[in-house]
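Peer 1: show me how the following folds:
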Amino acid sequence: MKKIDTEFNNLIWEINNKSKEEIFNHIKENYEKLNSSTIASIEIFLAQFGYWGKLNLVSGEFEELERRSSILKSHTFDLMWLYDNLIDYRSKIVLFGILNYWYNSLFDTLDMAIEKNYHQYFDLDLVKCDHSEVFVDIGAYTGDTILDYINTYREYKSIYAYEITPSSIDYIKQNLSIYPNIYIRNNAATDKSETLYIKNNSVSDSANTLDNTGEIQVQGVTIDDDVLEKVTMIKMDIEGSELKALKGCVNHIKNDTPKLLISVYHKHEDIIDIPKFIYNTNPNYKFYLRYFGNKYYPTETVLLAIPK
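Peer 2: Now for the predicted structure:
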């Protein structure tokens, strides 16, 4: 057994033998040991985006720590399943780094896990693309990922860009105007046809989310209904709506087995629920994790589900 396997098993064993209250107290005690500037940076970051819950040591708000303890206690066996089903040790180190951060507030493994070789999503050792590629980019923002794709692989059959924010749609049109067979959709990818509303983020349009009420409407569509050709690759980065969007891709996932490049960090449970959903929909995938964030809070974690 390798060192990382032993460390992971020891961590899971310790968590499994504690109550939820004991886990929370352990997490809180270790968080309180961090230096004041690190705590301030973490709490400012969390407040800006609001995905993970409130955390403020001074005011005694510990929602984010409570979510960590709940996930760790209730999903121990799911985490073991995921670790066992990750194909390479780069992926296992990413998972252990996230859990070690959640439980012990330790940054060293997460820092070691940061991907330094490839742009986000396009790991050339895993993601193979050619002239027949039908790429669906959900959360296309300004077209930046599509440009990365074109610069990396050069060829494709067609590309579909889904983006909810009207101003970002304008940038996509400008940035991709010279490329053929790119279909731009000002729609939300979701699990059913529905009218939704954009909730603006004060930091960046890239962090805008969906809500059931608001002022700016956006039509929700399923990828199964909206993309009628065979899909070979789907990327998602949609601020916590990834699982719902995947449910709208079920037929493509079952019938086409596309490469799936999915952000799994906007909710604590995404790193468990999303690979489990994909596996239960179509077991013919190999799972990898890649980490593109920083060492101080686990963001920019991507699940690569690659057809066997």
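Peer 1: which residues does the one residue sitting closest to the centre of the chain contact?
Peer 2: Nearest residue to the geometric centre of the chain (C-alpha atoms, centre = their mean): S263, 1.8 Å. Residues near S263 by C-beta atoms under 8 Å, 6 or more residues apart in numbering: G139, M236, D237, I238, E242, D270, E300, T301, V302, L303. To be clear about C-beta, it is placed using only N, CA and C from the backbone, and glycine gets the same treatment.
Peer 1: can you list which of the residues you listed are found in strands?
Peer 2: M236, T301, V302, L303 (DSSP state E).
Peer 1: now the two most distant members of these.
Peer 2: M236 and T301 (12.6 Å; C-beta to C-beta).
Peer 1: can you tell me the SS state at I159?
Peer 2: Classification of I159 by DSSP: H, G, I helix; E, B strand; the rest coil places it in strand.
Peer 1: that one contacts I138, correct?
Peer 2: No: I159 lies out of contact with I138 (C-beta atoms under 8 Å); the separation is 11.7 Å.
Peer 1: what helix or strand is Y279 located in?
Peer 2: For Y279, the host element (DSSP states H and E) is helix 270-281.
Peer 1: do V218 as well
Peer 2: strand 217-221.
Peer 1: partners of that strand in the sheet?
Peer 2: In the sheet, strand 217-221 lines up against strand 187-189 (parallel), strand 194-199 (antiparallel) (DSSP bridges).
Peer 1: out of those, which is closest to S168?
Peer 2: Short answer: strand 194-199, nearest of the strands paired with strand 217-221 by C-beta to C-beta, at 10.5 Å.
Peer 1: quick one: contacts of the closest one?
Peer 2: Outside strand 194-199, the residues that touch it by C-beta under 8 Å, 6+ apart are 164-165, 188, 190, 208-220.
Peer 1: which of those residues are buried? Put it as a ChimeraX command.
Peer 2: Selection of buried members from the contacts of strand 194-199 for ChimeraX, criterion 16 or more other C-beta atoms under 10 Å:
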select :164,165,188,190,208,209,210,218,220
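Peer 1: in its sheet, what does the least confident helix or strand in the chain by mean pLDDT sit against?
Peer 2: Lowest on mean pLDDT, DSSP states H and E among the helices and strands of the chain sits strand 209-211, with a mean of 72. Taking DSSP bridges as the criterion, strand 209-211 pairs within the sheet with strand 194-199 (antiparallel).
Peer 1: just the buried positions in the partner strand, please.
Peer 2: L196, Y197, I198, K199.
Peer 1: now, which of the residues you listed sits nearest I172?
Peer 2: Nearest to I172 out of those is I198 (C-beta to C-beta; 15.8 Å).
Peer 1: relative to Y121, how far out is that closest one?
Peer 2: Per C-beta to C-beta, to the nearest Å, I198 is found 24 Å from Y121.
Peer 1: with L65 instead?
Peer 2: In terms of C-beta to C-beta, L65 sits 30 Å off from Y121.
Peer 1: now V136
Peer 2: Distance of V136 to Y121, computed by C-beta to C-beta: 13 Å.
Peer 1: the two: which has the busier surroundings?
Peer 2: Neighbours were tallied for V136 and for Y121 using other C-beta atoms under 10 Å; the higher tally belongs to V136 (26 against 22).
Peer 1: on the three-state scheme, that one is what?
Peer 2: Under three-state DSSP, V136 comes out as strand.
Peer 1: you'd agree it is up against K157?
Peer 2: No: using C-beta under 8 Å, V136 makes no contact with K157, being 11.9 Å away.
Peer 1: quick one: the helices in the stretch 101-250 of the chain?
Peer 2: Under the criterion DSSP state H, counting those that start in this stretch, the stretch 101-250 of the chain contains helices at 108-113, 144-153, 166-175, 223-226, 242-247, 250-256.
Peer 1: one step back: farthest-separated two in the buried residues of strand 194-199?
Peer 2: Every pair of those checked by C-beta to C-beta; the farthest is L196 and K199, at 9.5 Å.
Peer 1: more crowded one of I159 and I138?
Peer 2: Taking neighbours as other C-beta under 10 Å, I159 and I138 compare with I138 leading, 30 against 23.
Peer 1: quick one: the more buried one and D125, what's the gap?
Peer 2: Taking C-beta to C-beta, one finds I138 at 24 Å from D125.
Peer 1: for K295, same thing?
Peer 2: Taking C-beta to C-beta, one finds K295 at 23 Å from D125.
Peer 1: of these two, who's got more company?
Peer 2: The residue with more neighbours, out of K295 and D125, is K295; 17 against 10, by other C-beta under 10 Å.
Peer 1: sounds good, over and out.
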